[in-house]
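In: need coordinates for the below:
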Amino acid sequence: MERERLGSRLGFILLSAGCAIGIGNVWKFPYMAGQYGGGAFVLCYLFFLIILGIPVMTIEFSLGRASGKSPVKLYHALEKPGQKWHLHGYAAMAGNYLLMMFYTTVAGWMLHYFFYMADGTFVNTDVEAVGNIFGNMLANPFGMVGFMAIVVLLGFFICSRGLQNGLEKVSKFMMLALLAIMVILAVNSILLKGAGEGLRFYLLPDFDRMAEIGIGSVLLGAMTQAFFTLSLGIGAMAIWGSYIGKERTLLGEALNVAVLDTFVAFVSGLIIFPACFAYDVSPDSGPSLIFVTLPNIFNHMPAGRLWGSLFFVFMFFAAFSTVLAVFENIISCCMDLFGWARKKACFFNALAVILLSLPCALGYNILSGFQPRGAGSTVLDLEDFLVSNLFLPLGSLIYVIFATSRYGWGWENLTAEANQGKGLKLARWMRMYMTYILPVIVLAVFLLSI
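Out: Next up is the predicted model:
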């Protein structure tokens, strides 16, 4: 069966960026910047994105394009006879399922909040009341499972329409709408009275504050965020490489995706920090920033319901773009592994993902007594830890070693594939860095994050 292809380069860039752009950019990046001293953290983040994220993404794209296969079969096409690299393919497939076991629930929260915002649930509430609304949402098993199921069924329905007619068409619309909504929201925040202090906090590096928090802590935070933001290590990027032609070099394409990913993270900060300072709200309030702090800010804004609704549409699109991309990865793995048709793979996986996502959706209510990572922790915390701290860094380490080592695919094959087409090319001098230094940095990320 001939492999499907994406219809355009824009589709490839927006789908790859859509996979990378998720809760990590629009939620975690701003609150980490808030906690780690604003501009100094942003500078460190950009440095690690260049030395860590872009090279690993180039490798994933190259492995995908050279093999023309899904992550579960990628190694079969590239490894030497008798080698066992392909065992990682099954772990990558498992990592995609594990990611969706909690990500679908969080995407459901964004959709839930959009309806709350649009129907006026938050009107005339204070911080405590908004916190109670969030708590009540989590405590309702029917709502939690219902919105998760909507996300799963909608996602697999779009994927079942095919690569170009379903996924590419919807993702292009969604990503372009996401970018437009963000710019509108950012302009609105920047024009708020008192926003200037928030912009200074966010954009001007404060190295004294960095020293106060601890330079090591800020560097570690920036390094892990730069690494995790791009969803590397489970083949989530390799799949898009397998769907494109050889017209463009892959280092250039990885750079484009990283720029788009960073733009979204950066503009999220332009939306959030000016609003926080304009309404005298602490910018380092951590994970509760999105669900408790921001609805309260929108309450005080002129036309707050409109801006709040737009904000949670944008948040949902950011989360749902990742869901669609990872669903495509799962479907492609099943089609390669079992020889299924696309619609059959979508049907069985829709049922499987709903069932697998139940522990997370019920982890805040029926299963709240199960606290796997200590008092107050939830199923989501465990699943997020396994993906973010084990599957992503270890998977990336295996991809890097396989692609650069003579015991795997090898540097010559990697550069031959990555450098085909027009654009930025991997240079000879990068060999030493990518073969010997990059694996050490990725290993450091893994060891520090556990």
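In: contacting residues for residue 153?
Out: By CB atoms under 8 Å, 6 or more residues apart in numbering, residue 153 lies in contact with 350, 354. All C-beta atoms are positioned from the backbone trio N, CA, C, and that covers glycine.
In: make it 7 Å
Out: residue 350 (CB atoms under 7 Å, 6 or more residues apart in numbering).
In: got it, and residue 279?
Out: Counting by CB under 7 Å, 6+ apart, residue 279 has contacts 297, 300.
In: lowest-pLDDT helix or strand in this structure?
Out: helix 288 (a mean of 73; mean pLDDT, DSSP states H and E).
In: distance of the nearest residue to residue 242 once chain neighbours are set aside from residue 417?
Out: Spatial nearest neighbour of residue 242, chain neighbours left out: residue 64 (4.1 Å); criterion: CB to CB, 6 or more residues apart in numbering. Residue 64 sits 10 Å away from residue 417, taking CB to CB, to the nearest Å as the criterion.
In: can you give me the strands in this protein?
Out: Taking DSSP state E as the criterion, the chain contains no strands.
In: for the closest residue to residue 420 other than its chain neighbours, phi and psi?
Out: Nearest residue to residue 420, sequence neighbours excluded (CB to CB, 6+ apart): residue 246, at 4.5 Å. Main-chain torsions, residue 246, degrees, to the nearest 10: phi -110, psi 20.
In: just checking, residue 246 touches residue 418?
Out: No: counting by CB atoms under 7 Å, residue 246 sits too far from residue 418 to count as a contact (10.6 Å).
In: and the two? Which one has more around it.
Out: Higher neighbour count among residue 246 and residue 418: residue 418, with 27 against 11, using other CB atoms under 10 Å.
In: so the more buried one sits against residue 250, correct?
Out: Yes: here residue 418 lies in contact with residue 250, judged by CB under 7 Å, at a distance of 4.4 Å.
In: who touches both of those two?
Out: Between them, residue 418 and residue 250 share these contacting residues under CB under 7 Å, 6+ apart: 58, 62.
In: against residue 54, how distant is the residue nearest to residue 420?
Out: Distance of residue 246 to residue 54, computed by CB to CB: 20 Å.
In: residues in contact with residue 397?
Out: If you count contacts by CB under 7 Å, 6+ apart, then residue 397 has 439, 442-443, 446 around it.
In: who wins on neighbours among those?
Out: Ranked by the number of neighbours (other CB under 10 Å), the contacts of residue 397 place residue 442 first, at 26 neighbours.
In: for it, which non-adjacent residue is closest in space?
Out: Leaving aside its sequence neighbours, residue 442 sits nearest to residue 397 (CB to CB, 6+ apart; 4.7 Å).
In: mind checking how far that neighbour is from residue 255?
Out: Counting by CB to CB - residue 397 and residue 255 are separated by 22 Å.
In: with residue 240 instead?
Out: Counting by CB to CB, the separation of residue 240 from residue 255 is 15 Å.
In: thanks again, I'm all set now.
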